[in-house]
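K.L.:
Sequence below, structure please.
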Amino acid sequence: MQNRGAKIWRRLLDDRHGSIAVEFAIAVPVLLTAMLGVIEIGRLFWTRHALEFAVEETARAAMIDKTLTSQMLVQKVGQKISWVDSDDLSVVVQFTTESGKGYTTVTATYQFALMLGYLGINPFSLSASAHVPRPP
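P.N.:
Model prediction:
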């Protein structure tokens, strides 16, 4: 009786049918997560660069045209990165005076949420700032 049970177990352990499917089921989620992670990192850097570019372009516009109001500058940042969700974008424009010279500071913060929600990573902030002199 014991010998028969041992034969059944040996036969089951030696059977290789379906082993590829099991290996595939184990490997694919790991490989997909790694591939999507690379895509997400690329999207993160692209969004960060676009945010910096929008802030810098808006600050340059403020440096050239002193008639632009803070509201107009905020709208300019939003136009430069119109593809982001405006609810997650916060733009602050400050006009300051230092040593008798006027300066404009444009700061934008964006709440970046990963598309890989199943990893449990919460959204985090990306921010960019530019500080330029105002025209006389």
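
K.L.:
Would you confirm that Leu51 contacts Tyr110?
P.N.:
Yes: the pair formed by Leu51 and Tyr110 meets the contact definition of CB atoms under 8 Å, at 5.6 Å. The C-beta positions use only the backbone N, C-alpha and C, and glycine is treated the same way.

K.L.:
tell me, what's touching those two both at once?
P.N.:
Among the neighbours of Leu51, those also in contact with Tyr110 (CB atoms under 8 Å, 6 or more residues apart in numbering) are 81, 126-127.

K.L.:
May I see the buried residues of the lowest-mean-pLDDT helix or strand in the chain?
P.N.:
Of all the helices and strands that make up the chain, the one with the lowest confidence by mean pLDDT, DSSP states H and E is helix 2-14; it has a mean of 73. Under the neighbour-count criterion of 16 or more other CB atoms under 10 Å, helix 2-14 has nothing buried.
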